[in-house]
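Trainee: Give me coordinates for this.
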Amino acid sequence: MAGTGYVGLSNAVLLAQHNQMMAVDIVPQKVDMINDRMSPIVDAEIEEFGSD
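Mentor: Numbers count the residues shown, from 1 in each chain. Purely as a prediction, here's the structure:
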């Protein structure tokens with residue numbers, strides 16, 4: 001998935017439930033947060049998925 005904004009990250013999380021996904025972003029802070037299973041955007045469902 002290219003981009004980890006609202007659309008890219010939401011789609012990546014949905015697809016990752018049944019597929020192996022790789023998200024790419026040019027903002028290192030976003031990449032670090034995602035690698036630490038934290039959402040760089042405010043979204044309750046994504047934040048809940050990351051806490052599993």
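
Trainee: Helix or strand: which one has the residue positioned nearest the centre of the chain?
Mentor: Compute the mean C-alpha point of the chain, and by CA atoms, centre = their mean the closest residue is Leu9, 4.2 Å away. Using DSSP states H and E, the element containing Leu9 is helix 6-16.

Trainee: So for Ile26, what's the pLDDT?
Mentor: Per-residue confidence (pLDDT) for Ile26: 93.

Trainee: no wait, Ser51
Mentor: Looking at Ser51, its pLDDT reads 61.

Trainee: again, but for Asp43
Mentor: With respect to pLDDT, Asp43 scores 77.

Trainee: buried ones in the helix holding Leu9?
Mentor: Using 16 or more other CB atoms under 10 Å as the test for burial, helix 6-16 gives 8-10, 12-13. Glycine gets a C-beta too; all of them are placed from N, C-alpha and C.

Trainee: how far does the helix or strand bottoming out on mean pLDDT in the chain sit from the chain's center?
Mentor: Least confident helix or strand, the chain: helix 44-50 with a mean of 75, by mean pLDDT, DSSP states H and E. Offset of helix 44-50 from its chain centre (CA atoms, centre = their mean, to the nearest Å): 9 Å.

Trainee: ok now do the residue lying closest to Thr4 once chain neighbours are set aside, which residues does it touch?
Mentor: Excluding its sequence neighbours, the residue lying closest to Thr4 (CB to CB, 6 or more residues apart in numbering) is Asp25, at 4.4 Å. Residues near Asp25 by CB atoms under 8 Å, 6 or more residues apart in numbering: 3-4, 8, 31, 34.

Trainee: want to throw these into JSON lines with pLDDT?
Mentor: Shown next, in JSON lines, are the contacts of Asp25 (pLDDT from 0 to 100):
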{"residue": "Gly3", "pLDDT": "86"}
{"residue": "Thr4", "pLDDT": "88"}
{"residue": "Gly8", "pLDDT": "88"}
{"residue": "Val31", "pLDDT": "90"}
{"residue": "Ile34", "pLDDT": "87"}
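
Trainee: That concludes my questions; thank you for your assistance.
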